[in-house]
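K.L.:
Quick one: sequence and predicted model below, then my questions.
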Amino acid sequence: MAYKKIEIKRPRGINLDLSPYAMPNEIWSDGANVTFRQARTNVALGYSEVYGTQYDSGDNPIANTTVVGHPMIAVPWTDFNSNYWFYSNDTDIYRIGADGIHTSVTRTSGDYNGTYDTGWTSTLFNGALIFNNNVDVPQFYNETTSKFEGLTAWDSSETCSVIRPFKNYLVALDIYDNNTSNAYPTMVKWSDTAPLGGVPASWDTGDPAVQAGYNILPDTQGRILDGKSLNDTFFIYKNDAVWAMQFIGGSLVFSFRKVFTDGSGILARDCVTEFSGKHFVVGVDDVYVHDGTSKKSIITNQMRKALYSQINPDHTDKVKCVHDSKSREILIHYPSVNSTTGESDKVISYNYESESWSQRDINRIAFIGIGHVERTTGEPEGWDSDPYTWDSDGSFWGDESYNPSRNDLLYVKHGDANNTSGFFIGESGLSINGVTYKPFVERIGLDFEDDKGYKYINAIYPHFEGEGTVNIYVGTEERQGGGISWSQPQEFVIGEDYKATFRESGRYIGIKMESKTDNIWALTGYSVEYSYEGRQ
């Protein structure tokens with residue numbers, strides 16, 4: 001029997017939207033807990049706990065080293081002597097240093113009044129760290145007192161949904177007046193210019209001696225949800241429009257123009273991030289990028305329908321995105337329909353080098369921050385402190401703990417009264433805080449450019465790098481959408497085996513590869529050896 005062989009090189013990307021019978025061979029039709037970096041299909045690393053309870057030599061907890069409350073957000077900050085993370089729960093803000101100590105930096109006037117639904121946002125301006133919860137007056141960190149306090153010169157009767165920096169100004173969006181109980185969801189309010197290294201000294205829009213002012217964005221009824229600068233423009237995102245704000249000086253200070261006229265907007269706060277001179281935006285019904293002039297969808301016909309059908313409709317305000325520059329990826333984390341509390345249990349990530357999408361599992365995550373994470377309190381990770389075996393370690397040779405130029409992902413677990421909170425470093429190990437997962441990819445609907453003939457599959461030749469054991473399956477299908485039947489798994493030991501042998505036949509063929517052991521591997525391609533059994 002003469003066998004044919006077809007090689008599929010550099011399989012990449014998961015497409016859940018299009019029919020697998022109409023996709024290129026190298027695109028996976030399903031998969032989870034994998035990435036597509038460096039033109040390969042890779043096992044995705046998990047995350048492990050940091051900044052949790054530390055113990056002394058007598059196994060006694062050290063004071064002030066436990067995560068306090070149920071954090072909603074964590075952001076990095078440095079005084080150029082030490083690195084810190086600041087996190088907030090409903091009522092307080094805390095600071096974690098390299099020593100792992102959790103120190104309260106809550107305002108001296110009392111607890112805050114936020115909730116998980118109102119949430120927190122944060123920004124850095126002129127070196128000042130600013131927190132805002134949409135209920136209390138915006139707060140900034142006073143380095144002299146090591147406490148947060150109300151933003152200088154802010155009207156104490158007002159609150160805002162979001163406050164962001166632009167040039168030498170602070171811009172407040174979606175204003176609420178507590179004195180009159182009037183909401184201004186389309187108001188943009190900006191401060192006077194700030195002194196070097198400080199926060200603005202005035203927000204008085206009626207004082208002609210300062211540049212503070214405000215504007216109401218007309219035309220659409222949508223609410224302003226967020227804003228972010230790009231080059232010399234500040235983009236204001238409503239849920240049904242995008243506006244551009246540019247400095248012009250004079251009495252007007254800023255000009256405003258509507259950028260897109262097709263209803264483009266943003267889904268929630270923290271749903272925009274910058275990469276490669278563009279904005280990446282999670283919109284109401286599309287994920288798109290733009291440079292301020294033109295925009296394009298990057299998820300249509302790939303994962304758009306899958307993403308928006310999975311987001312819990314009661315918690316769309318909890319969807320967020322973060323840019324992981326070292327991996328060339330942007331992560332969208334969101335609560336699926338299975339998350340009744342609104343905490344994220346799913347991530348989809350976009351690799352902008354390969355222009356591919358992947359998905360993975362997480363557990364009760366409220367926020368993912370980016371910054372330097374101290375892996376081991378007080379010193380770099382060494383042989384003795386590394387918890388993983390040589391075969392299962394997810395770190396790389398020479399990758400020490402302390403590198404101030406390195407940015408890490410910090411996963412913030414919110415938790416509740418029956419579920420502990422915590423902080424976790426991403427790209428670490430092969431578990432979700434000790435709970436293992438099974439990376440897999442599959443492709444169905446392969447017909448080898450012949451949708452009539454029956455193919456007899458003799459062998460799969462996978463091209464693996466790494467180590468461990470992978471289960472390989474072959475699926476067969478008589479007609480499109482008729483339901484696929486999978487073979488028994490064939491174990492493939494990376495570094496020992498070179499093929500997996502099968503005796504399966506069908507008109508349409510499926511291939512599935514799934515980790516059997518907790519190891520790191522990468523797939524650069526695979527070949528299918530087959531023959532024809534005839535046509536019917």
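P.N.:
All right, it came through fine.
K.L.:
Can you give me every residue that contacts the nearest residue to N89 once chain neighbours are set aside?
P.N.:
In space, and not counting its chain neighbours, N89 is closest to G69: 3.3 Å by CB to CB, 6 or more residues apart in numbering. The way it works is simple: take the backbone N, C-alpha and C, and place the C-beta from them, glycine included. G69 makes contacts with N89, D90, T91, D92, S421, as judged by CB atoms under 8 Å, 6 or more residues apart in numbering.
K.L.:
Okay, G69 and G114: tell me how far apart.
P.N.:
11 Å (CB to CB, to the nearest Å).
K.L.:
Find residues that contact each of those two.
P.N.:
D90, T91.
K.L.:
Name the helix or strand for the nearest residue to G426 once chain neighbours are set aside, please.
P.N.:
Nearest in space to G426, with sequence neighbours left out and distances taken as CB to CB, 6+ apart, is L409 at 3.1 Å. Following DSSP states H and E, one finds L409 within strand 408-413.
K.L.:
residues near the closest residue to A98 other than its chain neighbours, how many?
P.N.:
Nearest residue to A98, sequence neighbours excluded (CB to CB, 6+ apart): E374, at 4.9 Å. Residue neighbour count, defined by other CB atoms under 10 Å, stands at 22 for E374.
K.L.:
Return the distance of P335 relative to Y116.
P.N.:
Using CB to CB, one gets 11 Å for the distance from P335 to Y116.
K.L.:
Specify which residue of those two has the higher count of neighbours.
P.N.:
The residue with the greater number of neighbours, taking P335 and Y116 and applying other CB under 10 Å, is P335; the counts read 25 against 18.
K.L.:
so how far is I27 from the more buried one?
P.N.:
27 Å.
K.L.:
repeat for V287
P.N.:
Per CB to CB, V287 is found 18 Å from I27.
K.L.:
can I get the contacts of G69 in JSON lines with pLDDT and distance to I175?
P.N.:
Written out in JSON lines, the entries for the contacts of G69 read as follows (pLDDT from 0 to 100; distance: CB to CB, whole Å):
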{"residue": "N89", "pLDDT": "93", "distance to I175": "25"}
{"residue": "D90", "pLDDT": "92", "distance to I175": "23"}
{"residue": "T91", "pLDDT": "94", "distance to I175": "24"}
{"residue": "D92", "pLDDT": "96", "distance to I175": "25"}
{"residue": "S421", "pLDDT": "88", "distance to I175": "32"}
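K.L.:
Just flag the most distant two among these.
P.N.:
Checking the contacts of G69 against each other with CB to CB, the farthest-apart pair comes out as T91 and S421, at 13.9 Å.
K.L.:
ok, what's across the strand from the residue nearest in space to the middle of the chain?
P.N.:
With the centre of the chain defined as its mean C-alpha position, the nearest residue by CA atoms, centre = their mean is L331, 2.9 Å away. Using DSSP bridges, the beta-bridge partners of L331 come out as V322, S349.
K.L.:
pretty sure it contacts G369?
P.N.:
No. With contact defined as CB atoms under 8 Å, L331 does not reach G369; the gap is 11.4 Å.
K.L.:
show me what contacts E477?
P.N.:
Counting by CB under 8 Å, 6+ apart, E477 makes contact with I444, G445, G483, I484, S485, G506, R507, Y508, I509, G510.
K.L.:
ditto for H279
P.N.:
Neighbour list for H279: K228, L230, F235, V272, T273, V289, H290, D291, G292 [criterion: CB under 8 Å, 6+ apart].
K.L.:
the strands in the stretch 51-200 of the chain, which residues?
P.N.:
With DSSP state E, counting those that start in this stretch as the criterion, the stretch 51-200 of the chain has strands at 73-78, 83-88, 93-96, 102-104, 121-125, 128-132, 139-142, 147-150, 158-166, 169-177, 182-190.
K.L.:
Ok, which of these comes nearest V322?
P.N.:
Within those, the stretch nearest V322 is strand 73-78; the backing value is 11.2 Å (CB to CB).
K.L.:
pLDDT (mean, whole number) over the closest one?
P.N.:
Here the mean pLDDT over strand 73-78 is 96, rounded to a whole number.
K.L.:
Now do the buried residues in it.
P.N.:
Across strand 73-78, burial judged by 16 or more other CB atoms under 10 Å covers I73, A74, V75, P76, W77.
K.L.:
and which of the residues you listed is nearest G198?
P.N.:
The shortest approach to G198 among the buried residues of strand 73-78 belongs to W77, at 15.8 Å (CB to CB).
K.L.:
For the closest one, name its beta-bridge partners.
P.N.:
Note on W77: beta-bridge partners by DSSP bridges are Y84.
K.L.:
Against V105, how distant is it?
P.N.:
Distance, W77 to V105, by CB to CB: 10 Å.
K.L.:
shared neighbours, the two?
P.N.:
F86, Y141.
K.L.:
Give me the helices and strands touching the helix or strand where N458 lies, please.
P.N.:
Assessed by DSSP H and E, N458 sits inside strand 453-466. Contacts of strand 453-466 with other secondary structure elements, assessed using 3 or more CB pairs under 8 Å, 6 or more residues apart in numbering; DSSP states H and E, are made with strand 469-477, strand 490-493, strand 500-506, strand 508-515, strand 521-535.
K.L.:
Switch those strands over to a markdown table; also include distance to G13.
P.N.:
Putting those into a markdown table (distance: least, CB to CB, whole Å) gives the following:
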| stretch | distance to G13 |
| --- | --- |
| strand 469-477 | 19 |
| strand 490-493 | 22 |
| strand 500-506 | 23 |
| strand 508-515 | 15 |
| strand 521-535 | 13 |
